[in-house]
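Visitor: quick one, fold the following:
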Amino acid sequence: MARAFNLTLESGKNEKFTPDEMVSHLVDSEWDERYNRKLDRSVQAARFRYKASPEQIAFDNNRVDKNQILRLSDCEFIKNKENIIITGSTGIGKSFIATAIGHQACALNYRVMYVHSTKLFARMKIAKADGSYLKELAKIERQHLLLIDDFGIQPLDAQCRSALMEIIEDRHGKSSTIITSQVPVNMWHEIIGEQTIADAILDRIVHDSHRIEMKGESLRKKRLPKNEEIIDLQNLKN
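Guide: Numbering: from 1, shown residues only. Alright, predicted model coming up:
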């Protein structure tokens, strides 16, 4: 408020304000400052891989349903304790879309955690060894939205299956999870292994989830020809 007041004096806008308008301006400035600080803390705590927002998502080439993404971006699915599964080939933008929804959730004051699947399972193994396993589970359970990126890169061993089962069980019906994967959902049984546990996990994740199946080529591959042209031009100059 003090900074907003000084800026108002320096700009001369105070002469145009009534006393009530000045008070309103200062209160709005203080609210905006506190909201932005809180949002910054939420985004930092989430540890997102990208800086992304729904406005930055490219909907060209019909690789994803625009209406579906915009509907999910209002984060009603979090209020309804629903999940999202995003599948598609590598480099197509799954992580970016998931992160954009995660950022939107932070803006709406939800607690969000982003984690790559391999790092998540490695962390849980370390926690099991040093005695902080229950603490890690409790931290994950407190999040309104958990974003697990690149699930299914490698098959799960017994410890990873157990950790995933406990994470999903703790969150089922209480909070929301977004999972991105290069592997189609119908192949997740093979990734998880052990039929009984796989059935239990998938029953809690898949059946009440919104499915986003992305199509098309890798966006990274599309950028490659431009880079090659730049290299060729440089070679010609040399």
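
Visitor: can you name every helix or strand that the helix or strand containing Met124 contacts?
Guide: Here Met124, judged by DSSP states H and E, is contained in helix 117-130. Under the contact definition 3 or more CB pairs under 8 Å, 6 or more residues apart in numbering; DSSP states H and E, helix 117-130 sits against helix 133-141, strand 145-149, helix 158-171. Glycine gets a C-beta too; all of them are placed from N, C-alpha and C.

Visitor: and these as JSON lines, adding mean pLDDT and distance to Gly216?
Guide: As requested, these are exported to JSON lines (pLDDT from 0 to 100; distance: least, CB to CB, whole Å):
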{"stretch": "helix 133-141", "mean pLDDT": "95", "distance to Gly216": "32"}
{"stretch": "strand 145-149", "mean pLDDT": "96", "distance to Gly216": "19"}
{"stretch": "helix 158-171", "mean pLDDT": "95", "distance to Gly216": "29"}
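
Visitor: select, out of these, the one closest to Gln104.
Guide: Shortest distance between Gln104 and these, using CB to CB, is found for strand 145-149: 9.9 Å.

Visitor: circling back to that earlier point, going by neighbour count, which residues of the helix holding Met124 are buried?
Guide: 117, 120-121, 123-124, 127 (16 or more other CB atoms under 10 Å).

Visitor: quick one: it to chain centroid distance?
Guide: 20 Å (CA atoms, centre = their mean, to the nearest Å).

Visitor: likewise for stretch 91-109?
Guide: With CA atoms, centre = their mean, you get 4 Å for stretch 91-109.

Visitor: go on, stretch 197-213?
Guide: 18 Å.
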